[in-house]
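Asks: heads up, no residue letters with this:
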Ligand SMILES: Cc1cc2nc3c(=O)[nH]c(=O)nc-3n(C[C@H](O)[C@H](O)[C@H](O)COP(=O)(O)OP(=O)(O)OC[C@H]3O[C@@H](n4cnc5c(N)ncnc54)[C@H](O)[C@@H]3O)c2cc1C
Ligand code: HEM
Ligand code: HEM
Ligand code: SF4
Ligand code: F3S
Ligand code: FES
């Protein structure tokens, strides 16, 4: 045991407070909005919202396939000719696509950096199995579910956009790719879609409400309605998206 | 009642630590959880062993000093109850109870179940106050406060700084604690002048201490002995965004 | 029997100004020397304790520019025992216009203290009370408000005016958080250096002045010396000498007892306040008692069975076989008689063998009538959280069966003797809050402790300590005095650890507590006190021989912390009994069975005991110094609640 000794007159021996910082020194963080956890969260919420808007539109477009090949193909064509003749072919679509890619990128970036921060904050796990007292599944569906969604989108693009992974091949119309892609013999593809769409639903059920909370738009009185709305919209998206592959499998769309 | 306890023992911050099993007999159902540990400790002392170190003071649920993770839940299963107010009648005879310290990097273990929560003090230092030196205050009635605001501020102000929210949060986030203080002061007229700088500084300090970010999982409110509501976090986010503009 | 004490010279408060009572504080403030602002940052002040008193003092001294070191034994200053106060804080704001005034608060406090407090001090307290509320509100303390947006108040503890400000049932918590936040602000500003988990174990007195403290870092076990120009003790009360009390587990007497050993006089140690509405003991393992707010007595009816030993459950005891004894004995005040009267009455019926619950130490507090009259909802709205707390602790539903309550030790009016400047008999040692004896006389009014702690910390001490500091500097600290204090601390620790006994410190503490409760508790007699004075030294001797403390000195060692505190409680307990024995009158929280009137009420003996008993530590036993009390403004009278 050693003693910290302050000898002599206390009146004389004290350093002025300026160069004697309070102990323990308070760790300080510099850096902007994006390096703060709240900033990252806001980015996630805004990019998430952008993606949700896309999904709503996408779902509506998909439902056009119920009105036959004509309607669906011309919708697909419209996507590419939007804004013409003022803008060159595919300009608007490309902008939307770039926006989406940026959104996905930022969304993933903030998700990953928050997850890494979380892991650092909890280096030792509990020995007793943690029991969730709230909507604890959310964390897992959000992080791992998000990864599944991305993998799905990659496959999905190869399948229905580029046709590379589609039996109808690259030169076909979107409608052909759709019908061929979900052919009953390719049940595993359909299953994968179903799983992915359900994943999206779960992601959004928490994510939609969460985005409001993150942006400070939620409040004690709006929680119930917000949660209900989030669940409702997610369910709507799930049903809307699944309607098309299911219809193809059942032969309603052919 | 007879119980089997699996308790986290760790001599100091450098020690690796391990779970140790103890048998405690003749526990009265009217004992509090801490009194049950007192019984174990008395025995350990007489056997020349080190008693299990745990923090506690008021033993009536208000000082926020006690806290352990009991069977995986911060402060145990009982809702809105601190560890010191948890009673043994809620456990089955012959139960096996796992007892662990709060786990979070910014809360390093000091010994056994005792952790260092000084990070919370530093978050308050960053701005969790109203700058008003003694003697400079105007008459208390010069600024009326709407009752609803006063009541909501009070709801947030009841946080006892126990740290259960951090212990329960899957991200090790201190959002609920920080938000409670930001909301308390932000709802009152006295807290307005420093509202923006307070929110910004406290959130940044929370990050600097190494707490995780909040992903709105809500585990924190569920274990919070004072039921600090989740909308305090929304309030904090709103204030932070506004301050960052 | 040999004399237990010797009597020394009378003592006088030389700092108290004279003249009209309203002007005394102004006069003292004006008379105090000021410290040159440029010098303040060179002056060091140590503040031990971060409760309402210490927290507010350290923050304010920091704001003034002094260099402050603050200590507490908890892991953060916010957890000091003040956090537990429920009821409220008094202030003579007269916001209700119900006839309250500074003078009335002063009057009520002197009278409530059973004429054993100083008029000057109490008057100042009442004056300053007004500023406390302003300060707290400006800090953001969320006091209860009315729909108009103004502060709500209630009447408390039998007061006839509504002067108690409150924040639900958590007034102490909210006020302490206000002080804590002010303190953290100063820590951030670098004016206050905070040392949490540090326990003060001795006072350094050099050249007759308090110049520092020896503390133990409770995490590393390191013994540290901290020097300063003045030392402030704000270490709270010593109710835990009874082992079971409503105080937090860590409350202790060590800081003030060590100062007493170094020359500070201890005043009125025997004045203890017993609170009537606590949850009774449920078994031997009991570690503390929980207070149920006094407000419960507004609607609950207190009773016991008429027959002794009646073991039937409450619901099976018919109305005519119940004894609503408070309503019977005190028809005018009924269940609302003051704390000490309600407490003693409960003890009496239990002593008659009519108590209820395990061990027969409890009386019923019944809400059946209130529920019938007001409806369950109304009762729930008013007392819901208290009922919940009761159920959480006892496992019984107070809506279905009456609560059981019993008195418990709650507050200690005694403490270190201080003058008007709050300076003890050691120059440079200031004592504030519950740790001093100053303002409550023999009995504290409800909601006045918070007021006193904050008055001392925010307003009084920061002014008066300047006068002392301005008269400095006081020269070099004598290195030998420091070394001697440090060695004493190390030796005590070594001695406790080297014992290979077979009882724990807690078991001795329990036994001491029981002894104090039985012999120096709610009711004291010459015989009981003599018995205690015989038994305490024996038990203490056994403690030092036979206590077992495991672990080592150089680590976090809670067994060692407790043993050290128990050791000091033994010494204090003895002084309390000596004080109680010498004061053969009854007054406030001190009831001598020999001194009661025909109705069994406390009977003061103003002719012989209108003084403060200030005890000096002496190797040969304590030395009594009397400070005579004069009442110029409030006429002494016997209280009556019949
Ligand atoms: C259950 C309960 C309810 C109450 N309700 C009310 C009420 O409604 N109204 C009212 O006016 N009063 C009430 N009181 C009384 C009041 O709470 C206390 O008297 C008051 O808070 C004491 O404040 P303090 O600052 O003097 O000391 P405390 O708050 O006790 O603080 C003591 C400080 O000293 C430190 N300390 C102690 N010993 C050492 C040491 N050796 N070394 C280092 N640090 C040390 C501690 O860490 C702590 O910080 C109540 C008391 C109890 C028990
Ligand atoms: C690329 C893969 C994805 C990953 C790794 C991912 C991950 C996450 C994570 C971890 C969260 C935080 C959870 C929370 O805040 O509670 C989140 C939120 C969210 N995600 Fe995703 N996600 C992905 C894709 C998507 C997609 C495709 C959409 C939209 C269709 C989307 C919409 C949202 C929304 C709206 C939120 C809420 C934002 C918030 O909480 O503030 N995410 N995501
Ligand atoms: C199961 C229902 C779905 C069907 C039937 C479907 C169908 C299609 C089709 C046919 C295209 C090609 C459009 C074209 O090339 O013109 C497409 C593109 C796309 N889909 Fe889907 N989709 C479904 C679900 C999803 C989901 C759940 C997501 C995202 C999470 C998604 C994201 C995309 C993206 C990003 C594109 C590319 C858009 C572009 O290039 O502009 N789809 N989808
Ligand atoms: S928010 Fe709740 S859980 Fe977190 S520190 Fe405060 S009281 Fe404890
Ligand atoms: S549990 Fe954690 S994720 Fe947010 S809502 Fe609570 S801080
Ligand atoms: S010991 Fe104070 S809250 Fe549990």
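Replies: It's in. Remember, predicted model here, so these are calculated numbers, not experimental data. Ligands and ions are numbered 1, 2, ... in the order given.
Asks: does residue C:379 really touch residue C:367, like I thought?
Replies: Yes. Here residue C:379 reaches residue C:367: they are 6.0 Å apart, a contact under C-beta atoms under 8 Å. C-beta coordinates here come from the backbone N, C-alpha and C atoms, glycine included.
Asks: which one's more surrounded, the two?
Replies: residue C:367 (23 against 20; other C-beta atoms under 10 Å in any protein chain shown).
Asks: who's in contact with the residue lying closest to the more buried one once chain neighbours are set aside?
Replies: Leaving aside its sequence neighbours, residue C:367 sits nearest to residue C:300 (C-beta to C-beta, 6 or more residues apart in numbering or on different chains; 5.3 Å). With contact taken as C-beta atoms under 8 Å, 6 or more residues apart in numbering or on different chains, residue C:300 is in contact with C:335, C:365-367, C:370, C:403.
Asks: touching chain B at all, the helix or strand harbouring residue C:216?
Replies: If you go by DSSP states H and E, residue C:216 is part of strand C:209-217. No. Against chain B, strand C:209-217 shows no contacts by C-beta under 8 Å from any C-beta of the partner chain, the least distance being 11.5 Å.
Asks: hmm, who's touching that strand?
Replies: Contacts to strand C:209-217, defined as C-beta under 8 Å, 6+ apart, come from residues A:10, C:46, C:48, C:71, C:195, C:197-206, C:222-231, C:259, C:424, C:426-429, C:474, C:477, C:481-482, C:485-486, C:489, C:493.
Asks: just the ones of those residues in helices?
Replies: A:10, C:259, C:481-482, C:485-486, C:489, C:493 (DSSP state H).
Asks: most neighbours of all those, which one?
Replies: The most crowded member of the ones in helices among the contacts of strand C:209-217, judged by other C-beta under 10 Å, is residue C:259 (30 neighbours).
Asks: tell me who's in contact with the closest residue to that residue other than its chain neighbours.
Replies: Spatial nearest neighbour of residue C:259, chain neighbours left out: residue C:203 (4.7 Å); criterion: C-beta to C-beta, 6+ apart. Residues in contact with residue C:203, defined by C-beta under 8 Å, 6+ apart, are C:210, C:212-214, C:231, C:258-259, C:262, C:264, C:426, C:429, C:485.
Asks: what residues are up against the residue of chain C found nearest ligand 2?
Replies: Nearest residue of chain C to ligand 2, counting by C-beta to the nearest ligand atom: residue C:140, 29.6 Å away. Contacts for residue C:140 (C-beta under 8 Å, 6+ apart) come out as B:130, B:153, B:184-185, B:188, B:190-191, C:178, C:181.
Asks: one step back: strands paired with the strand holding residue C:216, and their directions?
Replies: Taking DSSP bridges as the criterion, strand C:209-217 sits next to strand C:198-206 (antiparallel), strand C:223-227 (antiparallel) in its sheet.
Asks: give me the distance between it and the centre of its chain.
Replies: Offset of strand C:209-217 from its chain centre (C-alpha atoms, centre = their mean, to the nearest Å): 23 Å.
Asks: can you tell if it touches ligand 1?
Replies: No. On the criterion C-beta under 6 Å from any ligand atom, strand C:209-217 is out of touch with ligand 1, staying 6.8 Å away.
Asks: start and end of stretch C:417-430, how far apart?
Replies: End-to-end distance of stretch C:417-430 (C-alpha to C-alpha, to the nearest Å): 10 Å.
Asks: swap that for stretch C:248-260, sorry
Replies: This stretch, stretch C:248-260, spans 23 Å end to end (C-alpha to C-alpha).
Asks: quick one: mean pLDDT over it.
Replies: Here stretch C:248-260 scores 98 as its mean pLDDT.
Asks: same deal with stretch C:577-597?
Replies: 96.
Asks: any residue of that stretch touching ligand 1?
Replies: No. Applying C-beta under 6 Å from any ligand atom, one finds stretch C:577-597 separated from ligand 1 by no less than 13.2 Å.
Asks: can you give me the end-to-end span of that stretch?
Replies: Stretch C:577-597: ends 23 Å apart by C-alpha to C-alpha.
Asks: list the buried residues of it.
Replies: For stretch C:577-597, the neighbour count (16 or more other C-beta atoms under 10 Å in any protein chain shown) marks C:577-583, C:585-592, C:595 as buried.
Asks: which one of those residues is nearest to ligand 6?
Replies: With C-beta to the nearest ligand atom as the yardstick, the closest approach to ligand 6 among the buried residues of stretch C:577-597 comes from residue C:589, at 26.1 Å.
Asks: that closest one touches residue C:268, doesn't it?
Replies: No. Using C-beta under 8 Å as the test, residue C:589 is too far from residue C:268 to be in contact (9.4 Å).
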